[in-house]
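In: predicted structure and sequence below. I'll ask about it afterward.
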Amino acid sequence: MFVCMCYGITDKQIENAVREDSVGNIRELKKHLGVGSQCGTCVDMAVSIIDRTIIDESLFKEVC
């Protein structure tokens, strides 16, 4: 699904940025993909995708 209509960024692209490029907050995401740097209406959804992806990833990491 499209999250940022200004730049055509999808939820999958945001998830990949978190997983593969260690993006951990909206400031880093703005630098990496440009999300939220135009009109800003996508910021809340982008933040929730970042948070959800970080939580999902941490649940599957092996704990020693």
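Out: All right, it came through fine.
In: only alpha carbons, please: show stretch 21-30 as CSV.
Out: Below are the C-alpha coordinates for stretch 21-30, written out as CSV (Å, rounded to 0.1, in the frame of the first residue of the first chain):
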residue,chain,number,x,y,z
ASP,A,21,19.3,-0.2,6.2
SER,A,22,18.7,0.0,10.0
VAL,A,23,16.4,3.0,9.7
GLY,A,24,15.0,3.4,13.2
ASN,A,25,13.0,6.7,13.2
ILE,A,26,11.3,9.2,11.0
ARG,A,27,14.3,11.5,10.7
GLU,A,28,16.4,8.7,9.3
LEU,A,29,13.5,7.6,7.0
LYS,A,30,13.2,11.2,5.6
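In: show me which residues of the lengthiest helix in the chain are buried.
Out: Counting by DSSP state H, the longest helix found in the chain is helix 43-59. Neighbour counts over helix 43-59 (16 or more other CB atoms under 10 Å) mark Val43, Met45, Ala46, Val47, Ile49, Ile50, Thr53 as buried. For the C-beta atoms, the positions are set from N, CA and C on the backbone; glycine is no exception.
In: quick one, what contacts the fourth one?
Out: Applying CB atoms under 8 Å, 6 or more residues apart in numbering to Val47 gives the contacts Asn25, Ile26.
In: give me the number of neighbouring residues for the nearest residue to Ile50 once chain neighbours are set aside.
Out: Spatial nearest neighbour of Ile50, excluding adjacent residues (CB to CB, 6 or more residues apart in numbering): Val18 at 5.7 Å. Residues contacting Val18 under the criterion other CB atoms under 10 Å number 23.
In: what about the longest helix of the chain, distance to the chain center?
Out: On the basis of CA atoms, centre = their mean, to the nearest Å, helix 43-59 sits 7 Å off its chain's mean C-alpha point.
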